[in-house]
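Enquirer: the sequence and its predicted three-dimensional model are supplied below.
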Amino acid sequence: MQKFLKKINISNNLKKEIARYVISFFFAWLVSALISDFPYFKKLLIQSINLDTAFTKLMTGLSKNILNTFGFETFTEGNFIQIIGTPGVIFRYGCLGFRELAFFVVFVALQYGSLKHKAWYIPCGIVLLIVLNTIRALIIIIGQYRDPSQFQIIHDVVSPILMYPAILFLWLFWLNTYGKVQKTTPKTLK
């Protein structure tokens, strides 16, 4: 491996940057998997701060208001929402976007860049991802209204197509705009 790296002439700074990207990606994946796929941590998150309840209210409320604005008659109760005349959908824990939010937050938090920029960029990214997740939910709900037989296809295809490219865009924007390595210039002696 060392011979290969010498042949392609990768600088030590570039090696450090690549290592940081890989480590950030790994920790982002690990945290998102822990809060989404491991019952102990998922239960701890749900019970400790009731974050799922707040997000459920946010998702159902936003979805209901937008659907009503477009003339759909809706019914909501708890984590259930339906356009009258359809079976409706249930916002389960996995539908709330915690995996995607954790992936985004941890990756950006571990990247180069000032805390000042991270302090506003991470909350703005979270808001954007919540809006996109609401749009995803609306597409699923309206898709169910238009053709109930296509619900599973819409659910399984729309989520990755909408959410993961958005996360990738947010990461790339961060890396290209605010996540640059601060280059230090050596001080000259006078």
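Expert: In hand now; what should we look at?
Enquirer: residues in contact with residue 18?
Expert: Residue 18 is in contact with no residue at all, counting by Cβ atoms under 8 Å, 6 or more residues apart in numbering. Every C-beta, even on glycine, is put in place using the N, C-alpha and C of the backbone.
Enquirer: does it count as helix, strand or coil?
Expert: What DSSP: H, G, I helix; E, B strand; the rest coil gives for residue 18 is helix.
Enquirer: let me know the pLDDT of it.
Expert: pLDDT for residue 18: 79.
Enquirer: quick one: low-confidence parts of this protein?
Expert: Low-confidence segments of the chain, defined by pLDDT under 70: 1-10, 45-49, 181-190.
Enquirer: what about the strands in it?
Expert: Listed in chain order, the strands of the chain (DSSP state E) span 74-77, 80-83, 89-90.
Enquirer: ranking those by burial, who's on top?
Expert: Most buried of those by mean neighbour count (mean count of other Cβ atoms under 10 Å) is strand 80-83; its value is a mean of 19.
Enquirer: can you give me the buried ones in the biggest helix by length in the chain?
Expert: When the chain is parsed with DSSP state H, its longest helix is helix 115-146. Using 16 or more other Cβ atoms under 10 Å as the test for burial, helix 115-146 gives 118, 121-122, 125-126, 129-130, 132-145.
Enquirer: elements contacting it?
Expert: helix 51-69, strand 80-83, strand 89-90, helix 98-109, helix 151-177 (3 or more Cβ pairs under 8 Å, 6 or more residues apart in numbering; DSSP states H and E).
Enquirer: which of the ones you listed sits most buried?
Expert: For the helices and strands packed on helix 115-146, the highest mean count by mean count of other Cβ under 10 Å goes to helix 98-109, at a mean of 21.
Enquirer: and it, C-alpha only, in CSV?
Expert: In CSV, the C-alpha atoms belonging to helix 98-109 read as follows (Å, rounded to 0.1, in the frame of the first residue of the first chain):
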residue,chain,number,x,y,z
PHE,A,98,-33.6,10.3,12.9
ARG,A,99,-31.2,8.1,10.9
GLU,A,100,-30.7,10.7,8.3
LEU,A,101,-30.5,13.6,10.7
ALA,A,102,-27.9,11.8,12.9
PHE,A,103,-25.9,10.9,9.8
PHE,A,104,-25.8,14.5,8.7
VAL,A,105,-25.1,16.0,12.1
VAL,A,106,-22.3,13.7,13.1
PHE,A,107,-20.5,13.9,9.7
VAL,A,108,-20.5,17.7,9.7
ALA,A,109,-19.6,18.0,13.4
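Enquirer: who does that helix touch, helix- and strand-wise?
Expert: Checking 3+ Cβ pairs under 8 Å, 6+ apart, helix 98-109 ends up next to helix 12-37, helix 51-69, helix 115-146, helix 151-177.
Enquirer: and of those, who's closest to residue 102?
Expert: helix 12-37 (4.2 Å; Cβ to Cβ).
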